[in-house]
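Chemist: Could you look at this predicted model? Sequence included:
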Amino acid sequence: MTSTAHPVAPEEVMAFLDGELSSADAQAVSAHVDHCAECADLVQQFHSTSHLLSRWDVEAIPRKLEDAVANLAVKTVPGLEIGKRNIFNRASFWTWKQWLIVSGGTVAVLLFVLAIFVPALYRPRQFRRPAPVAYQRRQQTERESSGRGTLGQLQADGQPDTDQQAKVFQGSVPQNSLVTPTSPSIAADSNGLFHGLGDHAESSFALAPMIARTVSLSIVVKDFAASRSSLDVILARHHGYSAQLNVNTPENAPRGFQASLRIPAPELSSAVSDIKTLGRVENESQSGEEVTRQHADLVARLKNARDTEQRFRTILQQRTGNVAEVLQVEDGIARVRGDIERMEAEQKALEHRVDFATVELQLTEEYKAQLNPPAVSVSTRIHNALVAGYRNASETVLGIVLFFAEYGATLLIWLVILGVPVLLLWRRYRRTLARS
Amino acid sequence: MQDALPAFVLDSEATKRSAMNGTHRNPDAETPATPGSDEQLMVAFSRGSTDAFSELFSRYKQPLFGFFRRRVADPAQAEELTQETFLAVIRVSRRYEPRALFRTYLYAIGFKILRAHRRKEAFRATFLGAAAGIREPALQNPIEAEVWLRQAVRKLERLDREILLLREFEQLSYAEIAELLDLRVNTVRSRLFRARMALRDLLVAPAPKSSAAELTESEEQA
C-alpha cells in the first residue's frame, strides 16, 4: 500500500487514529478508510498492536513513595532548597573494585607526570642552557665571599653583622695598621729579592688582617647629567677611578648607569658618604673579604721560591760540572723564575684589591613621563610590532616543535599505554549507554 | 494496574486536549479534588499552595512511575527516579512559567533524570565494574505474553522505541514528543509509523518459548 495507490498515506491513517489530523483531513481519511479494505485492515492491525501493548502493565506505585513525596511537598515551601543527595554517603558507591580502579588511575596519572618531569630534573648540568655571564659572575662572587671567611654582608642600614666587621667599617681599626705589601716591612726590591719577611711578617699579618672591601650602592637621582659630573669630581677628590662604566639612555624610560669604582681603602668611607649625597639611596650593602691567610701563604711560597732560585744561582756559580748538569740547573732556575713572576703578579693583584676598595654603583634617574610624541613614527612602530609578532609566533612554533621533539616519544608511549584502555572503556561505555 | 491505556483503545477524540485550557484527560488520573488545569495547579503551587501539588501528584504519580518503570529494570530505581522528578518539580516550582503543558514539562524533567541515570549506570558498569542490571522482581512470575511483549519492544531501535512508548503510554502528541526529543514533527510521525510496523511484525511472529527468568537474564546481560 503506497501513496500512489491510495489517496491517503498509511502514516496519515495512523495520524488519524492518533487524533493528529485536522477536522477536514480526519473526515477525508475516515471516509477513505470506510471504503478501502486495505486501509481498514491497517487500522485493524494498529488497533491489534495497541491492544497487545495495553497488556504491558506495571505495578502500582508503592505507598512509601507516595508518603515520602507528599511529606516533602508539605514540609517544603516552594522554591526552598531540599537537601541534595550526596553520592559519597552511599555506601554502595565505594566498593573495593571502585577503589581499586580509582587508585590505579591516580597512580597511572602520577607515573605519567613523573615520567615527564623527573628526567628533566636529573638531566646533566652541561645540557642546560648557560646562564648569563653577569649572573655567573655574580654567583661566583657570592660563592667566594661566602666561602672564604668573609666578614659577611652589611645590612642596608649600614649595621655590621659582627664586632670585627664593625671595627673595620667604623674605622676603629686604623688603616695604617694593616700590613700591606706596600709597607716597608714587606717590600721587595727590583731584583725580586724579598726584604724584611719572615716569622715577624707572618705574625704581623696575623695581627692586622688584610681585607678587600666592597660596597654596593643603588641611588636614584633627579639630575642625571649633574650627577655624572659630581661623580667625576668625587672620584678625583678621593684619588679613585672608574674601572667600568655602562650608561643606559633608553627612550621613554629612566636613564642610568652601572659603574664599578675603585677607591683607595682609606678614602672609602668619605667617598661613599660623598656618593650618597648624589641622590636618594635605595639600596646599600657592604662586605669585606679577608685575604690575610691567602696573602701570607702567597708570601711564604714566594720566599721559598726565591730561596730556591738563590740556591740554584749559588750552585751555578760555585760548582763545576759537565754541560748536561749546567743545563739542568739552568732549567731549574727558569722554572723557579716563572713561578716567582706568577706569584708576584698574584700578590700585586691581591694587594690592589686591598688597597683599592670596590664600589659597585647603580645610578638611576627619576623618570618623568614625557608628553612629547614618540620619536618613532607610527609606521615604524607598526612595522616593529609586526616584526616582533612574527618573531614571537615563530618562537612559539619553534617552542612547540622543540617540546614535541623532546617529549613526543615519551608522550606517545604513555598515550599508547593509557589511551588504548581508555578508548576500549569508552567504546564499552557508549555501547552500554546505547543498550540502556 | 493499568496506568495508561494505549491511544488506539481509547476514542481518538477523547484523547485530544482542549485547545482552550490545554488539559488532558488522563485516564489514570484520579478525579481532581481541586478544579483547574495542570498548569493552574502548578502556578498555585509555585505561590505556596501545597494542596495544588497534592492534586498534581495524585494525577501524575502513577503515569510517571509507569514512565520510569517501563524504561528501568530495577523497580527500586524507578521509585527513586520518580521521587527525584517530583523533588525537581518542587525545587524549580518558583521559576515555573506556564509556557507549555505541565505534562510536557514534567516528562521533560523526567527524561533528563532518566538520561542522567542511564549515563551513570553505564559509567558504573563500564568503569567501576558495577552490575549492568538488577534482576527484576516484577518479572519473577510474569505472564508469558507480557514477557513476549517486552522482548519485542526491546528489539526496536532505541529512538523508535522511545517515541512509541511516549505515544502509547504517556500519550504525548506528536508535537510534544518532537519537543521532548528535539526532533521534527514529521520525523516523529515517520519513526512512530516505522516503530509500529516493526512491532506488528515482531508480535505477529510466533512467541518464543523463553521463560520469564531467561528474559530477565538476557536483559541483565544486555
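Modeler: Received the coordinates, thanks. Residues are numbered from 1 along each chain as shown, chains lettered A, B, ... in the order given.

Chemist: where does the residue of the stretch 151-300 of chain A found nearest chain B fall, phi/psi-wise?
Modeler: Going by Cβ to the nearest Cβ, chain B is nearest to residue A:252 of the stretch 151-300 of chain A, at 55.7 Å. Every C-beta, even on glycine, is put in place using the N, C-alpha and C of the backbone. Backbone geometry at residue A:252, expressed as degrees, to the nearest 10, gives phi 60, psi 40.

Chemist: With residue A:216 as the reference, measure out to it.
Modeler: As for residue A:252, its distance to residue A:216 is 28 Å (criterion: Cβ to Cβ, to the nearest Å).

Chemist: Now the element after whichever strand or helix holds residue A:351, going C-ward?
Modeler: In this assignment (DSSP states H and E), residue A:351 forms part of helix A:323-355. Downstream of helix A:323-355, the first helix or strand assigned by DSSP H and E is strand A:356-365.

Chemist: Just name whatever secondary elements the helix or strand where residue A:397 lies is in contact with.
Modeler: Using DSSP H and E, residue A:397 falls within helix A:378-435. Counting contacts by 3 or more Cβ pairs under 8 Å, 6 or more residues apart in numbering or on different chains; DSSP states H and E, helix A:378-435 packs against helix A:96-121, helix B:102-127.

Chemist: any idea which of those helices is most buried?
Modeler: helix B:102-127 (a mean of 18; mean count of other Cβ atoms under 10 Å in any protein chain shown).

Chemist: Next, count neighbours for residue 59.
Modeler: Answering for chain A, as no chain was given. Neighbour count for residue A:59, taken as other Cβ atoms under 10 Å in any protein chain shown: 15.

Chemist: You answered for a different chain; I wanted chain B.
Modeler: Neighbourhood size, residue B:59 [other Cβ under 10 Å]: 23.

Chemist: Quick check: the gap between it and chain A.
Modeler: Separation of residue B:59 from chain A (Cβ to the nearest Cβ, to the nearest Å): 12 Å.

Chemist: Would you mark the buried spots in whichever strand or helix holds residue A:234?
Modeler: Applying DSSP H and E as the criterion places residue A:234 in helix A:224-237. Buried residues in helix A:224-237, counted by 16 or more other Cβ atoms under 10 Å in any protein chain shown: A:224, A:227, A:228, A:230, A:231, A:234, A:235.

Chemist: which of those residues lies closest to residue B:201?
Modeler: Of all these, residue A:224 has the smallest distance to residue B:201: 96.8 Å, by Cβ to Cβ.

Chemist: contacting residues around the residue lying closest to the closest one once chain neighbours are set aside?
Modeler: Closest residue to residue A:224 apart from its sequence neighbours, by Cβ to Cβ, 6 or more residues apart in numbering or on different chains: residue A:365 at 4.1 Å. Applying Cβ atoms under 8 Å, 6 or more residues apart in numbering or on different chains to residue A:365 gives the contacts A:220, A:221, A:222, A:223, A:224, A:227, A:254, A:255, A:256.

Chemist: who does residue A:365 bridge with?
Modeler: Assessed by DSSP bridges, residue A:365 has beta-bridge partners residue A:221.

Chemist: just to revisit the earlier point, between residue A:252 and residue A:216, which one's more packed in?
Modeler: Higher neighbour count among residue A:252 and residue A:216: residue A:216, with 17 against 11, using other Cβ under 10 Å.

Chemist: where's the more buried one relative to residue A:258, distance?
Modeler: From residue A:216 over to residue A:258 the distance is 11 Å, taken as Cβ to Cβ.

Chemist: shared neighbours of those two, anything?
Modeler: Contact criterion Cβ under 8 Å, 6+ apart; residues shared by residue A:216 and residue A:258: A:360, A:362.

Chemist: Quick check: the closest residue to chain B within the stretch 251-400 of chain A vs residue A:393, distance?
Modeler: Closest residue of the stretch 251-400 of chain A to chain B, Cβ to the nearest Cβ: residue A:400 (32.5 Å). Plainly put, residue A:400 is 11 Å away from residue A:393 if you go by Cβ to Cβ.

Chemist: Tell me the residues that contact both of these two, please.
Modeler: Shared contacts of residue A:400 and residue A:393 (Cβ under 8 Å, 6+ apart): none.

Chemist: Helix or strand for residue 51, just tell me which one.
Modeler: Just going to use chain A. Residue A:51 belongs to helix A:37-53 when assigned by DSSP H and E.

Chemist: try again with chain B
Modeler: Assigned by DSSP H and E, residue B:51 falls in helix B:50-69.

Chemist: What is the subsequent helix or strand relative to that helix?
Modeler: helix B:75-91.

Chemist: quick one: average confidence on that following helix?
Modeler: Mean per-residue pLDDT for helix B:75-91: 88.

Chemist: quick one on the thing from earlier: anything in the helix holding residue A:51 near chain B?
Modeler: Yes: contact of helix A:37-53 with chain B (Cβ under 8 Å from any Cβ of the partner chain) involves A:45, A:46, A:47, A:48, A:49, A:50, A:51, A:52, A:53.

Chemist: Any idea how many residues pack against the third one?
Modeler: This means residue A:47. Counted with other Cβ under 10 Å, the neighbours of residue A:47 add up to 14.

Chemist: How much space separates residue B:162 from chain A?
Modeler: Distance from residue B:162 to chain A, by Cβ to the nearest Cβ: 12 Å.

Chemist: Quick check: that residue touching residue B:181?
Modeler: Yes: using Cβ atoms under 8 Å, residue B:162 is in contact with residue B:181, at 6.7 Å.

Chemist: Now residue B:200. Nearest residue, chain neighbours left out?
Modeler: Nearest one to residue B:200, counting by Cβ to Cβ, 6+ apart, is residue A:49 at 5.0 Å.

Chemist: Enumerate every residue touching that neighbour.
Modeler: B:8, B:196, B:199, B:200, B:203.

Chemist: repeat for residue A:268
Modeler: Residue A:268 neighbours (Cβ under 8 Å, 6+ apart): A:213, A:215, A:357, A:359.

Chemist: export these to CSV and tack on pLDDT and distance to residue A:342?
Modeler: Formatted as CSV, the contacts of residue A:268 follow (pLDDT from 0 to 100; distance: Cβ to Cβ, whole Å):
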residue, pLDDT, distance to residue A:342
A:213, 91, 26
A:215, 93, 30
A:357, 93, 25
A:359, 93, 29
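
Chemist: Can you tell me which of these comes closest to residue B:42?
Modeler: For these, the nearest to residue B:42 is residue A:215 (83.5 Å; Cβ to Cβ).

Chemist: quick one: what helix or strand has the closest one in it?
Modeler: strand A:211-221.

Chemist: Can you tell me what sits against that strand?
Modeler: Strand A:211-221 is touched from outside by A:145, A:151, A:168-169, A:178, A:227, A:265, A:268, A:272, A:275-276, A:278-292, A:350, A:353-354, A:357-366, with contacts defined as Cβ under 8 Å, 6+ apart.

Chemist: at 7 Å what do you get?
Modeler: A:168, A:227, A:265, A:268, A:272, A:275, A:278-291, A:353-354, A:357-366 (Cβ atoms under 7 Å, 6 or more residues apart in numbering or on different chains).

Chemist: No further questions, thank you.
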